[in-house]
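**Student:** quick one: sequence plus predicted model below, questions after.
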Amino acid sequence: MSHDPECIFCKILEGAIPAFKLYEDDDTFAFMDINPLHDGHALVIPKEHHTNIFETPTEVLTTLMATTQRIAKAVQNSIAPDGINILQANGHGAAQSVFHIHFHVLPRKNGDDAKLNWGLRPGDKDHIEQLADKIRAAISD
Ligand code: 5GP
Ligand code: ZN
């Protein structure tokens, strides 16, 4: 399976960097974003390292989207934000900062006027952990 030793998400997958895990299956992994735009901001990645949507095999994208739907439903049912964007960036110009393809499950608030480059601000770890527990409990088959 493709793997990049320099990649921060590959390091999370191998357990070298901790993460608030939400879900995993044979092909995909979901965890909390540590710089959340809002409560419940989660990331979904394939276990194989691929850089962006251009490089990722279609069958990998298929499993990635299925898990993204599963996590989006769990965030909706547990956190109940005003809305959720599914976001995926390709290249520096699109504000991609981690070059292991990922979908953001991005909760939104009415009137938050969020920008696509929302800026990374560390969230409170204890709070993120509590939210992860809540979302995990809402994941269904
Ligand atoms: P991008 O800008 O590439 O679309 O998004 C990368 C995301 O990864 C950012 O929202 C950032 O907060 C998140 N991120 C970067 N490093 C880490 C990390 O070590 N752990 C977690 N959980 N998220 C990270
Ligand atoms: Zn990687």
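**Tutor:** Arrived safely. Ligands and ions are numbered 1, 2, ... in the order given.

**Student:** who's in contact with the spatially most central residue of the chain?
**Tutor:** Nearest residue to the geometric centre of the chain (CA atoms, centre = their mean): L43, 0.4 Å. Shown in contact with L43 (CB atoms under 8 Å, 6 or more residues apart in numbering): A30, F31, M32, D33, H102, F103, H104, V105. To be clear about C-beta, it is placed using only N, CA and C from the backbone, and glycine gets the same treatment.

**Student:** give me the phi and psi for the residue sitting furthest away from the middle of the chain.
**Tutor:** In the chain, the greatest distance from the average C-alpha position (CA atoms, centre = their mean) is reached by G111, at 22.7 Å. When read as degrees, to the nearest 10, the backbone of G111 gives phi 70, psi 10.

**Student:** I'd like the distance between it and A72.
**Tutor:** 21 Å (CB to CB, to the nearest Å).

**Student:** contact residues of the chain facing ligand 1?
**Tutor:** Contact residues, the chain versus ligand 1 (CB under 6 Å from any ligand atom): 8, 17, 19, 31-35, 43, 89, 95-98, 120.

**Student:** now, which of those lie close to ligand 2?
**Tutor:** Near ligand 2, taking CB under 5 Å from the ion as the test, no member of the residues of the chain next to ligand 1 is found.

**Student:** which of the residues you listed fall within strands?
**Tutor:** The strands, defined by DSSP state E, take in F31, M32, L43 from the residues of the chain next to ligand 1.

**Student:** gap between the residue farthest from the centre of the chain and ligand 1?
**Tutor:** 22 Å (CB to the nearest ligand atom, to the nearest Å).
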